[in-house]
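In: Got a predicted structure here, sequence first:
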Amino acid sequence: MAKENLSAEEVKAMLLHVADRIIEAEPELTDADRNLGDGDHGLGMQRGMNAVKEKLEGADFESVDKAFGAAGMAMISSMGGASGAIFGTVFRSGGKALAGKENFGAEELAQLLQAAVEGVMERGGAKPGDKTMIDALHPAAEKGKEVAGGPLVEALDAVAAAAEAGKEASKAMVATMGRAKTLGERSVGHPDAGAVSISIILRAMHEYVAS
Amino acid sequence: MAKENLSAEEVKAMLLHVADRIIEAEPELTDADRNLGDGDHGLGMQRGMNAVKEKLEGADFESVDKAFGAAGMAMISSMGGASGAIFGTVFRSGGKALAGKENFGAEELAQLLQAAVEGVMERGGAKPGDKTMIDALHPAAEKGKEVAGGPLVEALDAVAAAAEAGKEASKAMVATMGRAKTLGERSVGHPDAGAVSISIILRAMHEYVAS
Amino acid sequence: MSEIKKLVNDKLKVADELLDGLVEAYDGECKRVGTRSIVRSDIPDGKVALLVGGGSGHEPIYHGLVGRNLADGAACGDIFAAPSPDIVFEATQAVNRGNGVLYLYGNYAGDVMNFDMGAELAEEEGIDVRTVLIWDDACSAAPDNKKDRRGVAGLVPIVKLAGAASQGAKTLDELVATAKKAVLQTRSVGVSMSPGSIPATGNPTFEIEEDKIGLGMGIHGEPGVKEIPMTTADELTPMMLDLVFEDFEKDEEVEALKKGDEIIFFVNSLGSTTMMECLICLRKAKEILDAKGIVVYDTIVGPLVTCQEMAGISFSITRLDGELKKLWDMPCESVCYSKMEG
Amino acid sequence: MSEIKKLVNDKLKVADELLDGLVEAYDGECKRVGTRSIVRSDIPDGKVALLVGGGSGHEPIYHGLVGRNLADGAACGDIFAAPSPDIVFEATQAVNRGNGVLYLYGNYAGDVMNFDMGAELAEEEGIDVRTVLIWDDACSAAPDNKKDRRGVAGLVPIVKLAGAASQGAKTLDELVATAKKAVLQTRSVGVSMSPGSIPATGNPTFEIEEDKIGLGMGIHGEPGVKEIPMTTADELTPMMLDLVFEDFEKDEEVEALKKGDEIIFFVNSLGSTTMMECLICLRKAKEILDAKGIVVYDTIVGPLVTCQEMAGISFSITRLDGELKKLWDMPCESVCYSKMEG
Ligand SMILES: Nc1ncnc2c1ncn2[C@@H]1O[C@H](COP(=O)(O)OP(=O)(O)O)[C@@H](O)[C@H]1O
Ligand SMILES: Nc1ncnc2c1ncn2[C@@H]1O[C@H](COP(=O)(O)OP(=O)(O)O)[C@@H](O)[C@H]1O
Ligand SMILES: [Mg+2]
Ligand SMILES: [Mg+2]
Ligand SMILES: [Mg+2]
Ligand SMILES: [Mg+2]
């Protein structure tokens, strides 16, 4: 039976599952960044998620926001680069919006995603359409609001699907931010690597809750 | 009828003919140096011989040594590098041995070549067998002594042939001096570029006297 | 093209190992601190501190600009990646002498995000931090859109001037003002002929056709104004200088370059472009500057802002006023750039 | 490999055009004289003069070592070719201040012949000339056969020391003695991974297999001790250093390097080898030197003795005594190498 209203301990377990999935996906992410960027996104995310695992395993969190925050800080510190700041901010800003909460349900998911997308846009200055991870994260956050009243497992399935659709849509976009800027028009036809990461992260969250 | 006992004016004309022949041979010399060295011998000799022409044309020489000396200085000044010093020395040292002479015959040819080979060996420290122009110049000088009693045209034909044979023999040698050092064993199979130049110079001298 | 033979060990540790080597190059004058920072060993109490930094792989900058009368420290990222906020914070703590810290670095999204987060951490510890961004690349955005401009080779004269200013600055504000002036008076234009390679993968940093030059390209291969056919030094030099002159003209924040102006002129090689080529371009550039009556107060030439073995060149011009001239005269020493007094 | 894109004009005039650029880089401190020489503008009367030189194409040396407290002039040949005797003579006349001129240059046949002829011309004019040859390349001949040894990157510390000595030298003999000591105490070992190209033709300067390193190769690609498989920085560095140590040991004219010896350590890039790689090798080298108790008094690192875009690296060690250490401390400034006092 699917999990509902995750405890801080379960959020931690979910994040560890996310970490494993991203680590496994290294070749796919490397590939995606090779098409558009400098090919280091897979290695960077892998480094970040290994740091997340190191930080979370064996730790206790009194509320769900602390678990998200710790994951975000682990990524920021270990990854460096634009993507460390960006992906760390997803969890750090997202976590802050849930300050003190002891459970994580569909309502919290919506808050997390909304705060994450706002945090990333403020930190990095990109907006939807710039061919960044925002093009997966923003539709996920929009979808999150729609499904905030239902069960968590359904909400996660829906936001993951929205992210995946956003990732697909990013193929047609021209890169304007970050390293992919190097390619300009030539970036068309490939999805943004960060958007691939967001899709994998949300899908992994869904897997954990569904299992 | 072949020329004999050249005047200073005729020596000058002979050197101008030599210059034209070397200038014409630039591609051949470039090629020879490309096989073993850095491929600049043709351009260097061309530059040197253009300087010889500039210096000799319109000049008057009171004795034959002055014409050879002027040619040698023109090469030394304009060429630089090892080959400027070496080829300039051929004419400069060779010329010195004829100090004050008003005619150039087979006897003087022998003296010129002997002084040239000594001068080059002293200046550059190479000896026969090192795969340099000495491997053409030294046999020519030896032959010169043998034919010093005969007519100039025959002597020049003989020394040019000796130089050509020396150039051929240089193919089998391993380079130890100069830039060709870079190749070591790999230098075997090609003639030394400087030996090619010496052969052309002596053959051109013969042509002038025979014409 | 076959993979370039590089003398490295673990390809994923090059940024750390090169920093260890850099510290050795300073013979005790600098030390490594925290995750990946280098700081001077003898920063005097009360000094207004100057911190630089950015991605590694562009050696000898930025970390090679830590030195005598130059930067006090550098926060170093991995290859072509910004340092994490932790690294920035550790470096900030290490250079701080109680009178504030200026962050002076190139305007790249990743660097700005991470330095900003580092500053937030530092400010939580009561350290006064200010940031001046370097955005000298005239070809990276219009003059009225400086937030989108990249920082390229002009960072060398800028850090040299700020380093000199930091020796005597009484307050952080004073140093900020001088650094801003140096940035405002500095413009660069670069070109690229062929890419460097990414140490971790061996892949080229960008692609360019055999017979093309990327005019105005950035130091990672970011696109410039256009691709032009490969040409001679004497044809290219005026094209590049014109872009610099134009930018000074169009920018409303700064005066056009005019007769009698005194400048620092910097010819930078992006890596494998030879000193020979730099000097041949310098010869032509000087002719053009002379014709305009622009006075070169000092010339810098060499591969100081590189992107591995990238082939390319850039010109940077920094206009000096009386204050900046005095600062320029101060001697300095570092792995990247050194000069005697005067 | 497709032809390298180089920013030049007439391929046959690069040596002249780069020298014009070099003169510009000195902002009036140096001038061009004669056919192809560069000399300082303000050599004091009575100074014992220091003249360096050799083929062009290795920028920033030799001509980039003309400077403050460095060489007074350089006689420059065409690309990879010795300067003609006229050029040497013209440079000699231009630097001569009546107290003699030291020729200090690398031991190559072409250079020796032409500088010797230049000296003959100078002596005919009553100028006192002495020659000290640089032969630091340990892999070019046995230690008892120095006349066959090549001069490579060790020339930088040697010219730096001789330049400093020339400022205070009372007689040419005094300067000769110091220069000879600097040469005697300097050894280098280089490796090469890939060739540079000849500007006039675009041809590579030598050939080497894809997966090989030429151990002990000269700066034009002259063969060294052997070709070894491509390896890591940490494997190669001790191999190279061992060759240097061995040479100090085997050479009867000089003592073996031992604990407590103070040295200048110079990591040179031959051109396109990055600063990153130089620093990674330096890191390992320092570890080895530390373990032996050899004290690095000062470190130099960078592409100072190049052969166009050749890939390769060399280590040079100069052992200092009290006199040389004092000379080292003197500040200096040039396009090739600058340092502050101390
Ligand atoms: N300003 C930004 N806003 C949002 N996402 C960004 C921004 N800059 C970069 N990214 C994301 O980071 C990804 C690249 O990450 P990565 O390859 O790890 O870093 P880098 O670009 O430094 O090599 C891009 O695919 C994009 O999704
Ligand atoms: N020491 C020497 N003695 C005699 N000849 C020499 C010596 N060094 C070089 N040469 C001659 O010079 C030729 C090379 O000339 P060139 O290519 O013009 O000069 P470089 O070797 O400087 O490129 C060689 O083929 C050789 O014959
Ligand atoms: Mg990337
Ligand atoms: Mg040659
Ligand atoms: Mg990257
Ligand atoms: Mg040559």
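Out: Sure, I can see it. What you see is a predicted model, and the numbers here were worked out from it, not measured in a lab. Ligands and ions are numbered 1, 2, ... in the order given.
In: going forward, measure contacts and count neighbours with C-alpha atoms only.
Out: OK.
In: All the helices of the chain, in order from the start?
Out: No chain specified, so I'll use chain A. In order along the chain, chain A carries the following helices (DSSP state H): A:8-24, A:26-36, A:41-56, A:64-79, A:81-96, A:106-124, A:134-146, A:152-170, A:193-210.
In: You answered for a different chain; I wanted chain C.
Out: Using DSSP H, the helices assigned to chain C run over residues C:14-25, C:85-95, C:109-124, C:155-168, C:172-184, C:233-250, C:275-292, C:322-329.
In: Give me the contact list for the helix or strand of chain A with the lowest mean pLDDT.
Out: Ranked by mean pLDDT, DSSP states H and E, the helix or strand of chain A with the weakest confidence is helix A:26-36, at a mean of 87. For helix A:26-36, the external contacting residues (CA atoms under 8 Å, 6 or more residues apart in numbering or on different chains) are A:39-43, A:45-46, A:180, A:183, A:187, A:190-193, A:196-197.
In: which stretches of chain A have low pLDDT?
Out: Scanning chain A for pLDDT under 70 picks out A:177-186.
In: Which residues of it lie near ligand 1?
Out: With the criterion set to CA under 6 Å from any ligand atom, chain A comes near ligand 1 through A:33, A:38, A:40-41, A:44, A:81-83, A:86, A:124-126, A:132-134, A:177-179, A:192-195.
In: I'd like to know which of those residues are buried.
Out: Those of those that meet the buried threshold are A:33, A:38, A:40-41, A:44, A:81-83, A:86, A:124, A:126, A:132-134, A:177-179, A:192-195, by 16 or more other CA atoms under 10 Å in any protein chain shown.
In: quick one: buried residues of the least confident helix or strand of chain A?
Out: By neighbour count on 16+ other CA under 10 Å, the buried set for helix A:26-36 is A:26-36.
In: Now the two most distant members of those residues.
Out: A:Glu26 and A:Leu36 (15.7 Å; CA to CA).
In: Identify the residue nearest C:Ile317 in space, chain neighbours excluded?
Out: Spatially, and ignoring its direct neighbours in sequence, C:Ile317 is nearest to C:Phe265 (5.0 Å; CA to CA, 6 or more residues apart in numbering or on different chains).
In: measure A:Val117 to D:Ile4 for me?
Out: Going from A:Val117 to D:Ile4 by CA to CA, to the nearest Å gives 46 Å.
In: Would you mind listing the residues in contact with the residue in the stretch 101-250 of chain C that chain A sits nearest to?
Out: Proximity of the stretch 101-250 of chain C to chain A (CA to the nearest CA) peaks at C:Gly110, 3.7 Å away. When contacts are counted by CA under 8 Å, 6+ apart, C:Gly110 is found next to A:81-83, A:85, A:124, A:178, C:81-82.
In: can we see that at 7 Å?
Out: A:81-82, C:82 (CA atoms under 7 Å, 6 or more residues apart in numbering or on different chains).
In: Show me where the stretch 1-150 of chain C has its strands.
Out: Assigned by DSSP state E, counting those that start in this stretch, the strands in the stretch 1-150 of chain C fall at C:30-33, C:37-40, C:49-56, C:73-79, C:101-106, C:129-134.
In: So what does C:Pro223 look like in phi/psi?
Out: The phi and psi torsions at C:Pro223 (degrees, to the nearest 10) take the values phi -70, psi 150.
In: Let me have the helices of chain A in TSV, adding distance to D:Asp128 as columns.
Out: Listed next are the helices of chain A as TSV, based on distance: least, CA to CA, whole Å:
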stretch	distance to D:Asp128
helix A:8-24	74
helix A:26-36	65
helix A:41-56	65
helix A:64-79	65
helix A:81-96	62
helix A:106-124	69
helix A:134-146	76
helix A:152-170	77
helix A:193-210	71
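In: for these, which one sits closest to ligand 3?
Out: For ligand 3, the closest of the helices of chain A is helix A:41-56, at 4.5 Å, according to CA to the ion.
In: list the helices and strands that closest one packs on?
Out: In terms of contacts (3 or more CA pairs under 7 Å, 6 or more residues apart in numbering or on different chains; DSSP states H and E), helix A:41-56 is packed against helix A:8-24, helix A:26-36, helix A:64-79.
In: residues of it that come out buried?
Out: Judged by neighbour count (16+ other CA under 10 Å), helix A:41-56 contains these buried residues: A:41-53, A:55-56.
In: shaky segments in chain C?
Out: Within chain C, the segments meeting pLDDT under 70 span C:1-2.
In: Near ligand 3, which residues of chain A are found?
Out: Of all the residues in chain A, those in contact range of ligand 3 (CA under 5 Å from the ion) are A:37-38, A:40-41.
In: Turn the strands of the stretch 1-150 of chain C into a markdown table, including mean neighbour count and distance to ligand 1.
Out: Shown next, in a markdown table, are these (neighbours: other CA atoms under 10 Å in any protein chain shown; distance: least, CA to the nearest ligand atom, whole Å):
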| stretch | mean neighbour count | distance to ligand 1 |
| --- | --- | --- |
| strand C:30-33 | 19 | 23 |
| strand C:37-40 | 26 | 19 |
| strand C:49-56 | 29 | 9 |
| strand C:73-79 | 29 | 9 |
| strand C:101-106 | 26 | 14 |
| strand C:129-134 | 21 | 17 |
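In: Now tabulate those in a markdown table and tack on distance to chain D.
Out: Below are the strands of the stretch 1-150 of chain C laid out as a markdown table (distance: least, CA to the nearest CA, whole Å):
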| stretch | distance to chain D |
| --- | --- |
| strand C:30-33 | 13 |
| strand C:37-40 | 14 |
| strand C:49-56 | 9 |
| strand C:73-79 | 10 |
| strand C:101-106 | 20 |
| strand C:129-134 | 23 |
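In: Can you get me a residue count around C:Arg150?
Out: C:Arg150 has 23 neighbours, counted by other CA atoms under 10 Å in any protein chain shown.
In: Identify the residues contacting it.
Out: By CA under 7 Å, 6+ apart, the residues touching C:Arg150 are C:106-108, C:135-137, C:140.
In: distance of it from C:Gly64?
Out: According to CA to CA, C:Arg150 stands 20 Å off from C:Gly64.
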